[in-house]
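Asker: Sequence first, predicted coordinates after that:
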Amino acid sequence: MFKYIKTTGLCLSLITSLLSCYELKAEQIQSKTNTRTSEEIQETHNHTEEEKSHEQEEATHDEHAHEDDDKEDEASHEEGLTLSPQKISLAKIQIESVTPKYQIIKIYAPGEIKANGYTSYVVSPRTESVIISRHAALGEHVEKDQKLVTLFSEAMAQAQADYLIASTEWQRVKQLGNKTVSESRLLQAETTFNASYGKLIALGLTEEAIDNISNKDIKAFGQYSLTAQREGVVLQDDFIQGQRVDAGDNVMLLADEKLLWVEAKVSPNKEIHVAIDSQAIVKFGSNSYNANVIQEAHTIDPNTRTRIIRLAVENTDDKLHSGMFVKVYFQFITNEKVIAVPEEALNRSTDGDWTVFVEEHPGEFKTVEVVLGRSFGNFREISGVESGTRIVTKGAFFVASEIAKGGFDPHNH
């Protein structure tokens, strides 16, 4: 019994020792595991910090590189462009020194060609008549005293008969003289003759036609012809043969087209103050004519609500005719001298500003921004350059393309 108890005690002691050794071993393994994990976390953290630092360094390097590129681009832009004399000649580039000058301002207004009212003539009967025949057609050029139209009038027939009687009586009493005929009879015959003669003149007969009245032409009594009072062109002939016309009706319109009128219609909002005899340009198609201002209306046209300015234009080549619509350009001189360049000398930059190309040294060009002003035909007022500056006035597009090509070449060739 005693031996059994002793043996059991030894076994328990042995088991207890084994358990203690196992727990100690487990604690050592756990300690090593924790230590390794901590070291791996620290290494991972350090690696992450190194990557962030490397990325920051690369970003900083890229920023510096971009700044350097921008500086290089700016330096290239500031340097401009250099062209050889041969290339300038081949590209037909023209360079001129700009100086302030007085410029001509042109103001546009629509216009219409009108017959010259001072040299036009309306052909019309002076008594009720019937048109028998015409002797001139629309558009025909007629000479002074040329027969235009023949008419018949009862009043004319009576006036011609009265004249024939009065003329015969006046010739008879004149031959008798004062010894046979009393003075009052002579005066009466003369007065009757003059009255009949004046009536024929009033009805439109010419002196030649009156002198030709005789008993032989009695069948032609009542017929008379209207003649051209001046040289010109038939602009209107609104009638037909056999038509009855009243006194004062327009049968024909004659006009001398060597000097025509132009009525320019100017908006009342435009403050245009033109002086008599001031110059203007009249354009019809590709033809241009010099004109002079002769009248300026001080009232507004009720139909067009415009102000009329009348000009006189010489129609030397006979290409202008009444009724044509034309363009009128009034010309004024600026009050002060300004710098102006041709429109083709202007160029737009990438940011939308207007620029010109300035030659600083022979063959060396740079871009200079300018501010646009008034337009003078094909020229434009600019500010931003000084007097005497040499500017590319022709071939600016070629210079711009060369600069653009040089700026976009990655090899800077």
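Answerer: Received, thanks.

Asker: Give me the neighbour count for Gln241.
Answerer: 11 (other Cβ atoms under 10 Å). Just so you know, the C-beta spots here come from the backbone N, C-alpha and C atoms, and that holds for glycine as well.

Asker: How about the residue nearest the centre of the chain, nearest residue that isn't a chain neighbour?
Answerer: Centre of the chain computed as the mean C-alpha position; nearest residue by Cα atoms, centre = their mean is Tyr108, 6.5 Å away. In this structure, Tyr108 finds its nearest non-sequential neighbour in Tyr329, 5.7 Å apart by Cβ to Cβ, 6 or more residues apart in numbering.

Asker: residue contacts, the one you found?
Answerer: Contact analysis of Tyr329 by Cβ atoms under 8 Å, 6 or more residues apart in numbering lists Lys106, Ile107, Tyr108, Ala109, Ala280, Ile281, Val282, Lys283.

Asker: Looking at the residues you listed, which one is closest to Glu402?
Answerer: Glu402 lies nearest to Lys106 out of these, by Cβ to Cβ, at 34.2 Å.

Asker: for the helix or strand that closest one falls within, what is the average pLDDT?
Answerer: Element membership for Lys106 (DSSP states H and E) is strand 104-114. Averaging pLDDT along strand 104-114 gives 91.

Asker: Sheet partners, orientation included, of that strand?
Answerer: Strand 104-114 has the following strand partners under DSSP bridges: strand 259-266 (antiparallel), strand 325-333 (antiparallel).

Asker: need the contact list for the residue nearest to the centre of the chain.
Answerer: Under the criterion of Cβ under 8 Å, 6+ apart, the contact list for Tyr108 reads Lys327, Val328, Tyr329.

Asker: got these as TSV, with distance to Lys366 columns?
Answerer: Formatted as TSV, the contacts of Tyr108 follow (distance: Cβ to Cβ, whole Å):
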residue	distance to Lys366
Lys327	40
Val328	42
Tyr329	36
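
Asker: So which elements touch the lengthiest strand in the chain?
Answerer: Longest among the strand segments of the chain by residue count, using DSSP state E, is strand 287-300. The helices and strands touching strand 287-300, judged by 3 or more Cβ pairs under 8 Å, 6 or more residues apart in numbering; DSSP states H and E, are strand 279-284, strand 307-314.

Asker: The last one relative to strand 279-284, how many degrees between them?
Answerer: Spelled out, it's strand 307-314. Compare the direction of strand 307-314 with that of strand 279-284 by axes from the mean of the first three to the mean of the last three Cα atoms, to 10 degrees and you get 80 degrees.

Asker: Name the surrounding residues that touch strand 307-314.
Answerer: Against strand 307-314 from outside (Cβ under 8 Å, 6+ apart): 109, 111, 116, 258-268, 272, 274, 280, 282, 289-297, 299-301, 320, 328, 330.

Asker: one more time with 7 Å, if that's ok
Answerer: For strand 307-314, contacts defined as Cβ atoms under 7 Å, 6 or more residues apart in numbering pick out 258-266, 268, 274, 280, 282, 289, 291-297, 300-301, 320, 328.

Asker: What's the ChimeraX line that selects buried ones from the residues you listed?
Answerer: Applying 16 or more other Cβ atoms under 10 Å to the contacts of strand 307-314, the buried members can be selected in ChimeraX as follows:
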select :260,261,262,263,264,265,266,274,280,282,289,291,293,296,320,328
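
Asker: Could you list the buried residues of the strand holding Lys106?
Answerer: Ile107, Ala109, Gly111, Glu112, Ile113, Lys114.

Asker: Next, format these as CSV and append distance to Ile165.
Answerer: Listed next are the buried residues of strand 104-114 as CSV, based on distance: Cβ to Cβ, whole Å:
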residue, distance to Ile165
Ile107, 67
Ala109, 62
Gly111, 57
Glu112, 53
Ile113, 51
Lys114, 47
